[in-house]
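> no FASTA, just this:
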C-alpha cells in the first residue's frame, strides 16, 4: 500500500505531531508499505533553532519527502511555516498515486490533501491532534466568536474525510457540538521504546553530574510557549522551594515564551533552581528524563502529550492538570493531577512525590508498564488496519 501523509507541521519543527507521524511512517515502512510525505519547506534559520544544518532527514528507502514552498508564520516554536494552497499540487501527488491520503492538520497543506483526495478520488483519513479552544484561550484577543468559528472550521474540514481519528475522545465531543458526524475512532500516539528506555543507576549517576541534577529534580519537555502554561510550574516551584530548598526544574525545549520565563524566574528568585537545557535530540532527552525524578506540566492544551509517555518509558511519574484527556494518561497510579492554574496545589503534589521516594518509585514502575501499549510496532498495526479498511 502507498500512503501519502500531508502535514502543515514537520521536521525540523519541534512538535508532537511531527514526531508522531514520522514514527508511524517508519512503522508502516517496516510492515512493507511505502509512505510519501507532503510537508512545508523550512529555512536554514528553522533548522538552526534546533541546532541542525539544513539537510533532509533520511527515513529509509520506503519513505520519501516532498516539500512545498512556504512562508514563516508566528508560533510558539518560532519555526512554523505557512503553505498557501494552490490546488494544483494534486498533479504532483498524481505522479506517486497513493492508495490513501492521510491528513494531519486542516490548514494550507491540509487543504491540498482535501483537494487531491476529491480530484483523484482517493480515500481521505484525517487526524485531529488539536484542542483548539484551549489554544485560543491563550491568544491575546480572547473571543467566544473565535472559538466557535475555529470549531466550525475544524468540523467542516474533518466532515470531508472518509474516516477520522484523534488520540483523545474529548476532541470528537468538541467537534460534534458544531456538526461533526463522520466515522471515527481513538488511536493513540506512538513512542519509540527503543530510544526511550530505562537506564541503570550507575549510568544515571553520570548523567546527573553531566546536567548538574540533584535528587530533587523535576523536568518539563516541550515548547516554551504561552499555551503550555510553564509559568504555573515556575510558581509551583517557588512555593515548593520553601520546603525543599535545592529543588531543581529542568526545561528541555525552546519557544517564544523563553525570555518571559527567564524574567519570571528572577522575579520569583528561582533562577538558580531552573536549568534551561535548550532543545535536546531524542537520545539526549532520554538521558535527561532518566536523570530526573518527576515529569511536570501545567498545560491545559494537551491532547495526548508524547513527552509524558516518553517520561513513563524512563520509569518516572508525572504531575499534570486535571482537564480533558489528562486523567486518562495520569491516572493516580503513574502520577498525580492538580487543578488547572492552581500552582499552590501543584506545589503540594510536587512536595508529596519528592519527599516520598517509595511512592515515587512505585508510580514509576507502574508508568513503565502503562506505556508498553504505546509502542510504534503496536500502533502502526492499528493504522495498517484502518488504512486497509478505508482504501477502495
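Sure, I can see it. Treat the numbers as computed from the prediction; the structure is a model and nothing was measured.

> Pull the contacting residues for the residue nearest to residue 373 when sequence neighbours are not counted.
Distance criterion C-beta to C-beta, 6 or more residues apart in numbering; nearest residue to residue 373, sequence neighbours excluded, is residue 188 at 7.5 Å. All C-beta spots, glycine's among them, are computed from the backbone N, C-alpha and C. Residues counted as contacts of residue 188 (C-beta atoms under 8 Å, 6 or more residues apart in numbering) are 167, 304, 373, 374, 379.

> Out of these, the closest to residue 346 would be?
residue 304 (20.6 Å; C-beta to C-beta).

> excluding its backbone neighbours, what's nearest that closest one?
What sits nearest to residue 304 in space, not counting adjacent residues and going by C-beta to C-beta, 6+ apart, is residue 167, at 3.6 Å.

> which intervals of this protein have sub-threshold pLDDT?
132-143, 392 (pLDDT under 70).

> what's the domain layout of it?
The chain breaks down by automatic domain parsing into domains covering 2-190+375-390, 201-374.

> what's the span of the shortest one from first residue to last?
What that stands for is domain 201-374. Taking C-alpha to C-alpha, to the nearest Å, the first and last residues of domain 201-374 lie 25 Å apart.

> What does residue 329 show for phi and psi?
phi -90, psi -40 (degrees, to the nearest 10).

> my read: it touches residue 309, true?
Yes - the pair residue 329 and residue 309 qualifies as a contact (C-beta atoms under 8 Å) at a distance of 7.5 Å.

> From residue 129, how far out is residue 202?
According to C-beta to C-beta, to the nearest Å, residue 202 and residue 129 sit 38 Å apart.

> the more surrounded of those two?
It is residue 129, of residue 202 and residue 129, that has more neighbours when counted by other C-beta atoms under 10 Å, with 22 against 7.

> shouldn't that one be in contact with residue 15?
No - counting by C-beta under 8 Å, residue 129 stays clear of residue 15, with 9.1 Å between them.

> which SS state does residue 208 fall under?
Classification of residue 208 by DSSP: H, G, I helix; E, B strand; the rest coil places it in helix.

> how far away is it from residue 202?
11 Å.

> Buried members of the contacts of residue 188 into ChimeraX, please.
This is how ChimeraX selects the buried members of the contacts of residue 188, with burial counted by 16 or more other C-beta atoms under 10 Å:
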select :167,304,374,379
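
> Any chance of TSV for the contacts of residue 188, columns distance to residue 119?
Output for the contacts of residue 188, formatted as TSV (distance: C-beta to C-beta, whole Å):
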residue	distance to residue 119
167	30
304	33
373	38
374	36
379	30
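
> what's the spacing between the strand or helix carrying residue 260 and its chain's center?
Using DSSP states H and E, residue 260 sits in helix 258-267. Distance, stretch centre to chain centre, for helix 258-267: 24 Å (C-alpha atoms, centre = their mean, to the nearest Å).

> quick one: contacts of that helix?
224, 230, 231, 234, 251, 271, 273, 274, 276.

> Just the buried ones out of those, please.
Buried among the contacts of helix 258-267 (16+ other C-beta under 10 Å): 224, 230, 231, 234, 251, 273, 274, 276.

> Let me know the secondary structure of the spatially closest residue to the last one that is not a sequence neighbour.
Distances taken as C-beta to C-beta, 6+ apart put residue 251 closest to residue 276, at 5.3 Å, once the chain neighbours are dropped. Secondary structure of residue 251, reduced to three states by three-state DSSP: strand.
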